[in-house]
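Chemist: Take this sequence and fold it.
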Amino acid sequence: MKILVGYKGTDAGKDLMDVAVKHAKAFEGEILIVTSMVGGEKSEMQDVVDAEKNLEQAKAYFDDYGIKSKTHLLVRGFEAGEDIVKFAGEKNVDEIIMGVRSRSKVGKLIFGSTVQIVILDAHCPVLTVK
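Modeler: The predicted structure is shown next:
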C-alpha cells in the first residue's frame, strides 16, 4: 500500500505523523512524504532548502519506526492541491493523509484550498488529521 503524506513541516503536527505510522504498520505500507511548491520566481532558494530539511526530518521520523519512506519535493509549477492530486495519480497511491489546522467558523467553511482540492479531486481516500 502506498500512502502519500502531504507535509509542510512544522505546522503539520505530530498527530499527522503518528496516524501515518499507524496506517503504514497496519497495511504494510510505504510512505511518500510530499511537499509541493509552485516554483519559478516565487520559490526563494531558502524556501527550497527549508522544505528539503523538513522532508528529511520527516523521513528520519518514519525511519525510527522502521517504516519505508521516500521524500518528494515537487516544484512543477502547479498549486499545491492540484500538484498533490496529480502526483498521487502518477504514483498510484492508495491513500492520502493531510493535516488541517483548526480555523474560525468562516475558515471552516473554506477549509483550506489545498486540502479542499485534494479531498474533492483525489482518486483515492483522503484522511485529514486535525
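
Chemist: Could you identify the helix or strand that succeeds the lowest-mean-pLDDT helix or strand in the chain?
Modeler: The helix or strand of the chain with the lowest confidence, counting by mean pLDDT, DSSP states H and E, is helix 105-110 at a mean of 55. Per DSSP states H and E, the first helix or strand lying C-terminal to helix 105-110 is helix 113-121.

Chemist: So residue 5 belongs to a strand, correct?
Modeler: Yes: assessed with DSSP: H, G, I helix; E, B strand; the rest coil, residue 5 lies in a strand.

Chemist: Show me which helix runs longest in this protein.
Modeler: Using DSSP state H, we find that the single longest helix of the chain is helix 45-64.

Chemist: neighbouring contacts of whichever helix or strand comes after that helix?
Modeler: Per DSSP H and E, the first helix or strand lying C-terminal to helix 45-64 is strand 69-75. Outside strand 69-75, the residues that touch it by CB atoms under 8 Å, 6 or more residues apart in numbering are 30-39, 43, 48, 51-52, 55-56, 58-59, 62-63, 83-84, 87. Glycine gets a C-beta too; all of them are placed from N, C-alpha and C.

Chemist: Mind listing what's buried along strand 69-75?
Modeler: Buried residues in strand 69-75, counting neighbours by 16 or more other CB atoms under 10 Å, are found at 69, 71, 74-75.
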